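Visitor: Next one to model:
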Amino acid sequence: MTTIIDAKTPRGAASQLLRAIRKFDPDPRNSGVRFDENAPKVWWESGPYEWAPIATGPGDIFAEEMGGTLGDAYRNEPTFDLRSGYWFAEPDNSWSLKFWKR
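Guide: Predicted coordinates for the structure are as follows:
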């Protein structure tokens, strides 16, 4: 099931995404929100390998972890819907996403 991130601001989108991540991994030591270059950054260091680039694909961030291929990640239903007219998300690295205002 895809989680829709539909906030109107980058900060709101980062908060929504963090809440969605915490449903998968409730330990607050494993994920959070930081501010770099005036953009909120959601990090999840214990998440699936390269979850951030796959999430912006949009793709299923758990596909490879469950024995699939990278191609399966983009054929399956996406984990997060990160499309908005107010902001955009881009991977900062393999374990974090930044949210920028459009």
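
Visitor: so where's the longest helix in this protein?
Guide: When the chain is scanned for its longest helix (criterion: DSSP state H), the result is helix 10-24.

Visitor: elements contacting whichever strand or helix holds residue 32?
Guide: When elements are defined using DSSP states H and E, residue 32 is found to belong to strand 31-36. Packing partners of strand 31-36 (3 or more Cβ pairs under 8 Å, 6 or more residues apart in numbering; DSSP states H and E): helix 10-24, strand 39-44. For every residue, glycine as well, the C-beta is placed using N, CA and C.

Visitor: So which residue of this protein lies furthest out from the middle?
Guide: residue 67 (20.4 Å; Cα atoms, centre = their mean).

Visitor: check contacts around that one.
Guide: Taking Cβ atoms under 8 Å, 6 or more residues apart in numbering, we find residue 67 in contact with no residue.

Visitor: Quick check: it is in a helix.
Guide: No: Residue 67 is assigned coil when assessed by DSSP: H, G, I helix; E, B strand; the rest coil, not a helix.

Visitor: how much space is there between the closest residue in space to residue 91 that isn't next to it in sequence and residue 23?
Guide: Sequence neighbours aside, residue 52 is the residue nearest to residue 91 in space, at 4.0 Å (criterion: Cβ to Cβ, 6 or more residues apart in numbering). Per Cβ to Cβ, to the nearest Å, residue 52 is found 17 Å from residue 23.

Visitor: ditto for residue 92
Guide: For residue 92, the distance to residue 23 - Cβ to Cβ - is 22 Å.
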